[in-house]
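*Asks:* Fold the following for me, if possible:
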Amino acid sequence: MPERFPIISTRHHDTHAYFSYGCSPFADSDEPVIALPDPEELCHWAAYECYMVKDAETLDAAAAATELALFEQRFGSRPSLHDMARWADSPPRVRHAHLF
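*Replies:* Below you'll find the predicted structure:
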């Protein structure tokens, strides 16, 4: 090589993140890219958990079912253990970028 050039060293996984962000169409955007849920919608999950506490004063299965239904209406139902095991066994869905 005719001249020296600097080597920039980063941690391996940070490099993936920086590259993905730099190549993203959102890299120049000031707006958030990930849509965050409204905190009010997350209150349904918290209420469900509170109503399911095995306590004589708080246990209310009917109210818990109502809150869980409201939460699942917005976020979907919890995946089954079968679904999660299938996802773990499936090959990763990765697209490889060809730069040259």
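*Asks:* Can you pull the poorly scored residue ranges out of the protein?
*Replies:* Where the chain drops to pLDDT under 70, the residues are 1-2, 5-10, 12-16, 21, 25-27, 32-35, 91-100.
*Asks:* Tell me which stretches of it form helices.
*Replies:* Applying DSSP state H to the chain gives helices spanning 12-23, 39-51, 61-75, 81-89.
*Asks:* tell me the contacts of residue 71?
*Replies:* Residues near residue 71 by CB atoms under 8 Å, 6 or more residues apart in numbering: 41, 44, 45, 48. (Each C-beta comes from the backbone N, C-alpha and C, glycine too.)
*Asks:* circling back: would you format the helices of the chain as a markdown table with distance to residue 4 included?
*Replies:* Output for the helices of the chain, formatted as a markdown table (distance: least, CB to CB, whole Å):
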| stretch | distance to residue 4 |
| --- | --- |
| helix 12-23 | 22 |
| helix 39-51 | 53 |
| helix 61-75 | 54 |
| helix 81-89 | 47 |
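*Asks:* For the residue lying closest to residue 52 once chain neighbours are set aside, grab the count of nearby residues.
*Replies:* Nearest residue to residue 52, sequence neighbours excluded (CB to CB, 6 or more residues apart in numbering): residue 64, at 4.9 Å. Using other CB atoms under 10 Å, residue 64 has 18 other residues around it.
*Asks:* repeat for residue 39
*Replies:* 8.
*Asks:* Which of the helices of the chain sits closest to residue 31?
*Replies:* Relative to residue 31, the nearest member of the helices of the chain by CB to CB is helix 12-23, separated by 14.4 Å.
*Asks:* residues touching the residue nearest to residue 52, list them.
*Replies:* For residue 64, counting by CB under 8 Å, 6+ apart, the contacting residues are 47, 48, 51, 52.
*Asks:* Specify which member of those is nearest to residue 22.
*Replies:* For the contacts of residue 64, the minimum distance to residue 22 (CB to CB) is 40.5 Å, reached by residue 48.
*Asks:* Please tell me I have it right and that closest one contacts residue 62.
*Replies:* No. Residue 48 lies out of contact with residue 62 (CB atoms under 8 Å); the separation is 11.6 Å.
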